[in-house]
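Visitor: no letters, just coordinates:
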């Protein structure tokens, strides 16, 4: 385990009330079953005369799941700020503080930065809040939807794929302990003021297997359409489930479609099944590329990205590449794509009306089963 000290700031409730105008609804960024996220302003740690924007995540009483004690359920609508915890079981305040401080040593340019936390006892009990850097340019999920007034260029999509791969590779291989994301998806990839993509919402993240073990057995939690089949079937958790989810995400970038969209005809609801017949020939492949790109993309690089996706979503997890290998493949695609090294930020356009994505994409992270929506959690028998 890394011994690098945590640089997290410990805030008081009073400081955070001041930062968020007493948790005003006008400052609210998102709301869900386990708490709310607010935009706030705090003194810069580098210059106390300056203020910086942050996202303040207020954890409600339902933060720790009693119905599913093997998992932590972090529910926040609209935003995807997370880093709730790294292990499945939190039994008390002390353990929560320990896990939050562990997150303080997880630092990378492509991970949303945890600035600090608050754990203060008042008349209502222990108040738990997490403070993150503010990400002003929304999520990839939103920017790919028709709700967005911007269209992500092909160069920007490649850059996002590269940034996301860097973040995952760091979690899997960049520290002396491994973190498995377990809920990698487009709504958990946020963009900063420079349009750099960063992974967020580690509410379902889990420490990887200990030395000498091949996997961790857990309750199955995640998002339908992104979850690896072997994990759904067995509950055996390895870093290769994140690789599968990343492959699904690449097809989401290519097509602009949701991984699972029940608003579509039955034959088009599952993205991975829908794309299969179109992959063999260039003319067919063009039919699956996001129409909002208006043919402003490089066919060869799109096909190469699909080839990477295919390697990530092979059924046998042992045959999937490691994320460091995936990153190298994506780097090569970016380098070979003219102009992709310095993508322009997306510009506002007229709203694009298309059926590529569902008209209603729920952000709420509710616990539901696979028949009724995209978030699920269930127990399996595993060894």
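Guide: Perfect, thanks for sending it. As the structure is a prediction and not an experimental result, all values here were calculated from the model.
Visitor: mind listing what residue 108 touches?
Guide: Residue 108 is in contact with 166, 167, 170, 174, counting by Cβ atoms under 8 Å, 6 or more residues apart in numbering. Heads up, the C-betas are built off the backbone N, CA and C, glycines and all.
Visitor: and what of residue 56?
Guide: So residue 56 contacts 16, 19, 20, 37, 38, 39, 40, 129, 130, 131 (Cβ under 8 Å, 6+ apart).
Visitor: bridged to it, which residues?
Guide: Listed beta-bridge partners, residue 56: residue 38, residue 131 (assigned using DSSP bridges).
Visitor: show the pLDDT at the closest residue to residue 222 other than its chain neighbours.
Guide: Once flanking residues are discounted, residue 222 sits nearest to residue 183: 5.4 Å by Cβ to Cβ, 6 or more residues apart in numbering. For residue 183, the model assigns a pLDDT of 86.
Visitor: again, but for residue 35
Guide: 71.
Visitor: likewise for residue 59?
Guide: For residue 59, pLDDT reads 77.
Visitor: do I have it right that it meets residue 129?
Guide: Yes. Contact criterion Cβ atoms under 8 Å: residue 59 and residue 129 qualify, at 6.6 Å.
Visitor: could you count how many residues lie near residue 124?
Guide: For residue 124, the tally of surrounding residues (other Cβ atoms under 10 Å) stands at 8.
Visitor: now do residue 47
Guide: 9.
Visitor: now do it against residue 137, distance only.
Guide: 24 Å (Cβ to Cβ, to the nearest Å).
Visitor: again with residue 251
Guide: For residue 251, the distance to residue 137 - Cβ to Cβ - is 22 Å.
Visitor: these two: which is more packed in?
Guide: Taking neighbours as other Cβ under 10 Å, residue 251 and residue 137 compare with residue 251 leading, 22 against 18.
Visitor: just list what the host helix or strand of the more buried one packs against, helices and strands only.
Guide: Using DSSP states H and E, residue 251 maps to helix 240-255. Secondary-structure packing of helix 240-255 (3 or more Cβ pairs under 8 Å, 6 or more residues apart in numbering; DSSP states H and E): helix 154-173, helix 229-234, helix 271-275, helix 299-312, helix 323-336.
Visitor: try it again with 6 Å
Guide: helix 154-173, helix 299-312 (3 or more Cβ pairs under 6 Å, 6 or more residues apart in numbering; DSSP states H and E).
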